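Engineer: Curious how this folds, go ahead:
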Amino acid sequence: MQVFAHDGFDLAFIDQQPSAEAEPVLLIHGFASSYVVNWVSTGWVKTLNDAGYRTIALDNRGHGVSSKSYVAADYTPQKMAGDASALLDHLGVARAHVIGYSMGARIAAFLALAEPQQVATLVFGGLGSGLVDGVGDWDPIASALLADDVSTIMHPRGKAFRTFADQTKSDRRALAACITTSRIELSEADVARIAQPTLIAVGTKDDIAGSAGELSSLMPNAESFDIEGRDHMLATGDRSFKQRVVAFLGEHPIAGS
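Structural biologist: Below is the predicted model of the structure:
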């Protein structure tokens, strides 16, 4: 693990490079997760390294071992995309494949719009049409994160995310601040400007992400992939998802690599 500073935050990251010519892949994790939980423990880093890719992954601000803030305004997708962009600059990476899961996919979309020259391809995991039309009411999740007594949490999704946050030993107050501002939506016109080859992968039992097919139809160079039999939590490490992503990256090499 390494650390770099950006915008007042110390951000933890890993950079695993199997060879000097390996194409870089930037991994951006989801809400209440970390690069270890989302990408290392699920086998993504090993899968990508074994396929010959340089794997870069960071702990988003407020997550993992990166700095925390309790100010909601610090957690917009624009600011977190700025962290991801700054990491690529810090490493001297001019252009990378970018894979995001859930909140990380939203951050990846904002990164592609703000710094298109840095993004060669995109993979949105666990986020489909919710990028445009929202991902439901998350206020109960913020309440669940701040609850003193877990037994008082009645909202099923709130309870699931509180359990996940406890399992990942997250700073729940930081997550409650994050969730209030990290869900900014993009318009249909915005996503239509994302021109990079994009793979949108959503579990067939995912009730959070929205439709992968609906989002791909709004984008000029996107395709969808169904992660069979998986919900939002279990789709992350699915083997078929990893296989499809490795194939997708192989179909779209970074020019000049």
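Engineer: ok now do the closest residue to Trp138 other than its chain neighbours, which residues does it touch?
Structural biologist: Sequence neighbours aside, Ile179 is the residue nearest to Trp138 in space, at 5.5 Å (criterion: CB to CB, 6 or more residues apart in numbering). Every residue, glycine included, has its C-beta placed from N, CA and C. The contact partners of Ile179, by CB atoms under 8 Å, 6 or more residues apart in numbering, come to Phe31, Tyr75, Trp138, Ile141, Ala142, Leu145.
Engineer: and Ile179, that's in a helix?
Structural biologist: Yes: Ile179 sits within a helix when classified using DSSP: H, G, I helix; E, B strand; the rest coil.
Engineer: in stretch 174-187, what's buried?
Structural biologist: For stretch 174-187, a neighbour-count test (16 or more other CB atoms under 10 Å) marks Ala174, Leu175, Ala176, Ala177, Cys178, Ile179, Thr181, Ser182, Arg183, Leu186 as buried.
Engineer: just stretch 91-102 next, same as before
Structural biologist: Neighbour-count burial for stretch 91-102 flags Leu91, Val93, Arg95, Ala96, His97, Val98, Ile99, Gly100, Tyr101, Ser102 (criterion: 16+ other CB under 10 Å).
Engineer: Bridged to the nearest residue to the fourth one once chain neighbours are set aside, which residues?
Structural biologist: Spatial nearest neighbour of Ala96, chain neighbours left out: Pro24 (4.1 Å); criterion: CB to CB, 6+ apart. The residues paired with Pro24 through beta bridges, assigned by DSSP bridges, are Arg54.
Engineer: Count residues in the vicinity of Val191, would you?
Structural biologist: 22 (other CB atoms under 10 Å).
Engineer: Equivalent analysis for the one 4 residues further on, please.
Structural biologist: Applying the criterion other CB under 10 Å, we find 13 residues in the vicinity of Ala195.
Engineer: can you check Asp133 too?
Structural biologist: Going by other CB under 10 Å, the residues that sit close to Asp133 add up to 15.
Engineer: Tell me how many other residues crowd the residue nearest to it when sequence neighbours are not counted.
Structural biologist: Leaving out its chain neighbours, the residue that sits closest to Asp133 by CB to CB, 6+ apart is Gly210, at 6.6 Å. Using other CB under 10 Å, Gly210 is surrounded by 22 other residues.
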